[in-house]
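**Student:** Build me a structure from this.
(4 chains)
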There are 4 protein chains.
Amino acid sequence: MQILFFMKIIRDPIHGYIEVEDFVLQIISTEIFQRLRHITQTGLAYLVYPGMRHTRFEHSLGVMHLAKELTRYIKINSEQYTDLDFINEEYLKLVGLSGLLHDIGHLPFSHTFENALSLAKEVYGIDVEYYGKKTHVIFGNRVIDYYLGNYLDKLSKNYDVVNFVQRVISSTPRTKEESLASLIISSPLDADRGDYLLRDSYFAGVGYGNFDIERIKRSLIYVNGKLAVLKKAIPVVEQFLLARMYMYETIYFHSVVGLYNAVLSHAVVKLIQKNLIPNVAPENYLKLNDVVIMSKLNEAGREFFDAIVYRKGFKRYKKDLTGNCYETLEKKRKEINEIMRENNGLILYHDFYDVPYSEDEIFVYDDDELKPLSTESKIVSSLTIIKKGIVGYHESAEDKMKKIYEILQECPL
Amino acid sequence: MQILFFMKIIRDPIHGYIEVEDFVLQIISTEIFQRLRHITQTGLAYLVYPGMRHTRFEHSLGVMHLAKELTRYIKINSEQYTDLDFINEEYLKLVGLSGLLHDIGHLPFSHTFENALSLAKEVYGIDVEYYGKKTHVIFGNRVIDYYLGNYLDKLSKNYDVVNFVQRVISSTPRTKEESLASLIISSPLDADRGDYLLRDSYFAGVGYGNFDIERIKRSLIYVNGKLAVLKKAIPVVEQFLLARMYMYETIYFHSVVGLYNAVLSHAVVKLIQKNLIPNVAPENYLKLNDVVIMSKLNEAGREFFDAIVYRKGFKRYKKDLTGNCYETLEKKRKEINEIMRENNGLILYHDFYDVPYSEDEIFVYDDDELKPLSTESKIVSSLTIIKKGIVGYHESAEDKMKKIYEILQECPL
Amino acid sequence: MQILFFMKIIRDPIHGYIEVEDFVLQIISTEIFQRLRHITQTGLAYLVYPGMRHTRFEHSLGVMHLAKELTRYIKINSEQYTDLDFINEEYLKLVGLSGLLHDIGHLPFSHTFENALSLAKEVYGIDVEYYGKKTHVIFGNRVIDYYLGNYLDKLSKNYDVVNFVQRVISSTPRTKEESLASLIISSPLDADRGDYLLRDSYFAGVGYGNFDIERIKRSLIYVNGKLAVLKKAIPVVEQFLLARMYMYETIYFHSVVGLYNAVLSHAVVKLIQKNLIPNVAPENYLKLNDVVIMSKLNEAGREFFDAIVYRKGFKRYKKDLTGNCYETLEKKRKEINEIMRENNGLILYHDFYDVPYSEDEIFVYDDDELKPLSTESKIVSSLTIIKKGIVGYHESAEDKMKKIYEILQECPL
Amino acid sequence: MQILFFMKIIRDPIHGYIEVEDFVLQIISTEIFQRLRHITQTGLAYLVYPGMRHTRFEHSLGVMHLAKELTRYIKINSEQYTDLDFINEEYLKLVGLSGLLHDIGHLPFSHTFENALSLAKEVYGIDVEYYGKKTHVIFGNRVIDYYLGNYLDKLSKNYDVVNFVQRVISSTPRTKEESLASLIISSPLDADRGDYLLRDSYFAGVGYGNFDIERIKRSLIYVNGKLAVLKKAIPVVEQFLLARMYMYETIYFHSVVGLYNAVLSHAVVKLIQKNLIPNVAPENYLKLNDVVIMSKLNEAGREFFDAIVYRKGFKRYKKDLTGNCYETLEKKRKEINEIMRENNGLILYHDFYDVPYSEDEIFVYDDDELKPLSTESKIVSSLTIIKKGIVGYHESAEDKMKKIYEILQECPL
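**Tutor:** Alright, predicted model coming up:
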């Protein structure tokens, strides 16, 4: 009894204590969920920020927790503006489940594997399934069907749980209940970002991903089908968007982090080519984790093994490619892809692209009106798209850089 | 130039920024040091405290940093009591190196592999090298010789670096310089504990491993060949020892953490038996990391694989075995080992034992006298040896628990 | 509307955001409550720890908040052991009010003024009201009657609010509802200590008053009319009691802090003697704040003014008086009081006395039994009474120290 | 000996431990420096953020500490760009002293008293000394001459300490040594802001004043007579400027904080008019502290006393006056001043004005060139001047608001 009492609370560095009900414990205990323990949250970022060894497992628990918190506060905060009677214990359960399972489809090293699929298709001409940024979501929904469908369906009388969760995760809501849940799980100011910015920042040991999540909880309202904040809370949302931007600029888009994730992506392609890892069918998911990749890495080639395991061999072209140069290079994608293919990934180009804020999605509620945040905040409107390219190469391929240097020459640095 | 400037600083959640000189960067870049990135600091503790995915790599950097800091402060703090002219930039270099390399000999999953060696010898009768708690130190010195000897020897004019580092690490100093360094790297109030308590506490997200390291830095003095603190600093040392005790009680000796580390230890024995992992010769060290173990785990048996990868299958006997019961069981070791062997590790006994404070080693300097801390502090003298046994079993072996129940019956709970 | 929404949340460094309902806002806005803004929480501790300028105002808000939090958790945590149906919104209101008003009777500089009353009576033979440690509580109940009685009585249908609050504050509960509230507001593990340890520690900028309040919230249960914790939570309670002890040893009982509080106490006596401050009748309370004392200080004598405003003139006898010496001095109280009186407070003796843990009041719930914490925890049983005396004197009185030196000679240091 | 050892370290919540040399201790112990303990750092901000009770005393210690730290790092960071041989122990001493004394001339409630002098002159036509934002600096230099001149002059062989400190504080350096010191003590990225943003943020308990000071220390270089940062450090400087902006927007320029500071300013004018507080001559400085103002407040009028002591009586006009409305009102200053004068301060107008970043003063060092930060950072170039007016009135003057309403009607909200 006591033991149960304490087992249902998980200590978490970000949210303090995460309370875990029995039906959630059942899901967490499945093999398919435990698998997330072996999927690093931020790929190879740990090669630069050594503390970043955290996994999708903790993040998923954190999103479940935060999604429920946000939902509770949205109900309280919105009371004077709108009725949200549908927010009850059962609804919280579904929102929590959606948060818990939103990343269940992630492949080894998270986005790095997705990048590998993209390279496989575009650079190496391999026939793989790849759906851009939606890839892990689409695979996730398959995984939910395959592993958790029967169990989930027993969890609610009033909702079709599987459908609810799948639509929420893939941002294709059909009801107002799904619509709010979808905004809470996946929108510009959501539980997903709320958790990963704080968590990644904590494990990297940097301050700039920090923001006042307690204040955000107390600021979100839901009116006219939109998530919005009161005018007074603009500074805290600015802070959130700035935190996001700094995390991109200095961690996610760190040139060295990018270099190694690109190296790993090419290595994964090699493993796919050689049929050394199973395909992405849901029945193979239990075998698709970081350990499998790491343990087969030597088969991808000594250069890749050494780079990822010992951080050696690859170098970065001295300048990051930004502004007009980036645009020029994007136009030369075909030639660049050709160079990568010819050199078997020992010469690499990797691009970073992020829109820190898409203006029509966060709203400010002021004088009974919803206004887009970007017109209300000069700071927010000054946030620009981040784009940057890097070129890397293995020492042994240094003499084959001629073609890429030619392209770079056309590119005004 | 700029790049170099920034590459020499590593962001660390515990110490803020760790400055890394060029000669240190050379060492960090070797394969043998990068290997530490694949050795988890706290074994399988992450199965209970999900954030604990940090590795010996970060810890080693942290100990280097803290050891140098402590040395600098000891010089300043001790000025009025004693001359420490030998503490200069060169000496700091050697102390730093000793910190950096003190754990270079650790095996996969750190102490868990050592435990496996012990089981291999005592339970399964396999002929392996095992030297108790000193194992990773002895192996470490071999590894230093094998991989780093030539390089280290060039780093100092006045010291024989390899000998210095090896003697410091193995607590067998021959000179007063080595003696102080040895106390700083490995003594009851040292840079090693200073780092790991703070680090493990941070990654677990718990507060109780915290203590005022800044105050400790300013309190340590070196007089008459002993590390000591001033009387006024007793509370901060109490805090440090209490933090240590709580970390043992609630994390390192957490019953569930212990259970899984025991399971993993038996699994490693299986892999040793089947010759699936190389022996501990220094030339094999690059292949001895967590990934190797994890990727071969299915060969150790489905039960072990499921337990460690999915956290399922094993259960814990309902009561922890403490006090007199623990003593009784220790006397029955032979029978218990026999049961483990017969059941191929599907029935397990694991014991925890820690001396939170051995009285003759921390000194208080008061009225020109060195007094043992335990006579000066009631709190410290109240700290007791922590000892506890747990029994675990795989579900499939539940019906074979009869023998162990018989032993437990003799044991007054 | 918006304004109201935001005004009801007060930013607090300790608890994050404190939510303030309308009826609480009414009380906070009264002169008698605003008065607490001018009563320093920790007397003159800021002369040693400069950050400690916080007041009873913030602390009172904090206790209100924490008391309600503890009550909510106690209900949840205790569910499987006992029914606590009486804990509803109305009850939370009363517990909150009790927390909010528990220090309403404090006099200028909090406990320092109480000490002045004690000196006035015992050293200077002035006829003042003084009830030991209960002084501010007894005065507080009068103040509630005088200023808030009418308002409070309107706040509940089912409770006599004034009686409830007064009995809870003075630990004289008559009903089970009052009994639990009383334990929450004032017991060895209560909202009062919970707040002031964290708050004083934060403002002093020291780590040792810190403990895991979130874990304590999740550990408290109420069974058989006692507050208790589960066995697993013993470490967190130990931490709390140790935090308390360290705060006493290093801040509240800091010798220099004590010296200046003693100086101030004598200064206050002078002001009382000269009728320069109003007596403690409730109708005078609005005039009894720190500013009044500080602004009249020059009338207490140049020596006192200089000491408190500029931290100069007074010195401390070189040794703290502890152990047997303390006992001896306590027996000589009469002579010492005589010396203080003769020297008009220019020679001072101040004693510190604290019982860190009185054993029959925190309980551990284990195996359906309530056991005293001290038998379950060696750490707790090792906590000893803190007692210490200090002697101080003004430079000008150095030549009059003979008598006190004689007494000190009898005292084995 | 021990005592001295520990007395020279002051615990500080912001910087950890501040080390205080003997000659600094002498200065801190003077009456004129201790006086800063009775000058609140942020005026009446505590009426809204209760924790903000900290004083110029702690801040001055903090600036001393941080100024020395920045100087040390600037030397290390700049090594590869320029020689800074003049930075030695003696120079650090002078920089530290400049930091310690930079606010010695502040009047009660810091900037609020300065505002009172401005009102006295412009609204009430009283002949007072007032030099705009430089007031406390000019007075500070007088105070240094009067109280500390003799002592300071003994502290250095190679520098004229008094002249050095005075020129540094008033930003009128004559030598390169003074020039660097002046940038460190007072420039857009200086020790003063570095300390007060972190400190005010800590005591308010808000997160948005936080930034990575450790990173800033490691990023500042001094080249070609300018303080600059490397390109890679732009994000951390953005963070610093954003932190500054948020502190202004939400704390320093909080409408309610402004209202009460305006009320206090008028109250101070009354006290000046009635000759109840001494003039600002240096010989009166010991009497010019917060206690004097607070204790004479009832002589300024019941309305002012109640507002400041009990937070009651005054109200704020419902809208803040920004944008064009602010501009319009600034043009009507004369009429508004007339209204304030006629109503004896019971009707108030208060304006806020801040330039978050003046573009020519922070430089980025990139490719051997110094570039202004604003051209390198879109975020920084988006920071705008903050300006805002508020109107307040005492309840009793509500019926006299007609004239001000007329002015407000001309003002497009």
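
**Student:** does any part of stretch A:310-330 sit near chain D?
**Tutor:** No. Between stretch A:310-330 and chain D, judged by C-beta under 8 Å from any C-beta of the partner chain, nothing touches; the nearest distance is 11.0 Å. C-beta here means a position set from N, CA and C on the backbone, and glycine is covered the same way.

**Student:** what's that stretch in contact with?
**Tutor:** Residues outside stretch A:310-330 that contact it (C-beta atoms under 8 Å, 6 or more residues apart in numbering or on different chains): A:47, A:255-256, A:259-260, A:263, A:303, A:306-307, A:336, A:348-349, A:351, A:387-396, A:398, A:407-408, A:410-413, B:29-31, B:34-35.

**Student:** Buried residues of that stretch, list them for me.
**Tutor:** Across stretch A:310-330, burial judged by 16 or more other C-beta atoms under 10 Å in any protein chain shown covers A:310-314, A:316-317, A:320-321, A:325-326, A:328-329.

**Student:** Closest residue of the stretch 251-400 of chain A to chain D?
**Tutor:** Going by C-beta to the nearest C-beta, chain D is nearest to A:Ser382 of the stretch 251-400 of chain A, at 3.4 Å.

**Student:** Might one say that that residue is in contact with D:Ser377?
**Tutor:** No. Counting by C-beta atoms under 8 Å, D:Ser377 is not a contact partner of A:Ser382; they are 9.3 Å apart.

**Student:** Now for the spatially most central residue of chain A: which residues touch it?
**Tutor:** Centroid-nearest residue in chain A, with C-alpha atoms, centre = their mean: A:His111, separated by 6.9 Å. A:His111 makes contact with A:Gly43, A:His136, A:Asn261 under the criterion C-beta under 8 Å, 6+ apart.

**Student:** go with 7 Å
**Tutor:** Counting by C-beta atoms under 7 Å, 6 or more residues apart in numbering or on different chains, A:His111 touches A:Gly43.

**Student:** circling back to that earlier point, excluding chain neighbours, what is closest to the residue of the stretch 251-400 of chain A closest to chain D?
**Tutor:** Excluding its sequence neighbours, the residue lying closest to A:Ser382 (C-beta to C-beta, 6 or more residues apart in numbering or on different chains) is D:Ser382, at 3.4 Å.

**Student:** And the one you found, how far from chain C?
**Tutor:** 26 Å (C-beta to the nearest C-beta, to the nearest Å).

**Student:** For burial, what's the neighbour tally of that residue?
**Tutor:** 17 (other C-beta atoms under 10 Å in any protein chain shown).

**Student:** The one 10 residues further on now?
**Tutor:** The local packing of D:Gly392 (other C-beta under 10 Å) involves 23 other residues.

**Student:** ok, A:Val24 - contacts?
**Tutor:** For A:Val24, the contact set (C-beta under 7 Å, 6+ apart) comprises A:Leu100.

**Student:** In the stretch 51-200 of chain A, which residue sits closest to chain B?
**Tutor:** Closest to chain B within the stretch 51-200 of chain A is A:Arg53: 3.6 Å, counting by C-beta to the nearest C-beta.

**Student:** which ones are touching that residue?
**Tutor:** A:Thr40, A:Tyr46, B:Arg53, B:His54, B:Thr55.

**Student:** Out of the residues you listed, flag the one nearest to A:Asp103.
**Tutor:** Minimum distance to A:Asp103 across these is 12.0 Å, recorded for A:Thr40 (C-beta to C-beta).

**Student:** Please name the residues that touch the closest one.
**Tutor:** A:Thr40 sits next to A:Arg53, A:Thr55, A:Phe109, A:Ser110, A:Asp290 when contact means C-beta under 7 Å, 6+ apart.

**Student:** how close does it sit to chain C?
**Tutor:** Taken as C-beta to the nearest C-beta, the span from A:Thr40 to chain C is 28 Å.

**Student:** what about that residue, distance to B:Arg53?
**Tutor:** 8 Å (C-beta to C-beta, to the nearest Å).

**Student:** show me the contacts for A:Ile216.
**Tutor:** A:Val236, A:Phe240.

**Student:** what's the answer for A:Ile32, then?
**Tutor:** So A:Ile32 contacts A:Ile104, A:Val143, A:Tyr147, A:Leu148, A:Tyr285, A:Leu286 (C-beta under 7 Å, 6+ apart).

**Student:** May I have the strand or helix carrying it as CSV, with CA atoms only?
**Tutor:** Element membership of A:Ile32, judged by DSSP states H and E, is helix A:31-34. C-alpha atoms of helix A:31-34 as CSV (Å, rounded to 0.1, in the frame of the first residue of the first chain):
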residue,chain,number,x,y,z
GLU,A,31,7.8,-2.6,-23.6
ILE,A,32,6.8,0.0,-26.2
PHE,A,33,6.9,2.8,-23.7
GLN,A,34,10.0,1.6,-21.9
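
**Student:** Report the mean per-residue pLDDT for that helix.
**Tutor:** Helix A:31-34 shows a mean pLDDT of 97 in the predicted model.

**Student:** Counting neighbours, which bits of that helix end up buried?
**Tutor:** Residues A:Ile32, A:Phe33, A:Gln34 are the ones in helix A:31-34 that count as buried (16+ other C-beta under 10 Å).

**Student:** helix or strand right after it?
**Tutor:** Later in the chain than helix A:31-34, the nearest helix or strand by DSSP H and E is helix A:56-78.

**Student:** Can you name the residues in contact with the next helix or strand along the chain from that following helix?
**Tutor:** Scanning forward in sequence from helix A:56-78 by DSSP H and E, the next helix or strand is helix A:89-101. If you take C-beta under 7 Å, 6+ apart as the criterion, helix A:89-101 is touched by A:24, A:27, A:60, A:63-64, A:67-68, A:71, A:144, A:155-156, A:158-159, A:161, A:164-165, A:168-169, A:177, A:181, A:184-185, A:191.
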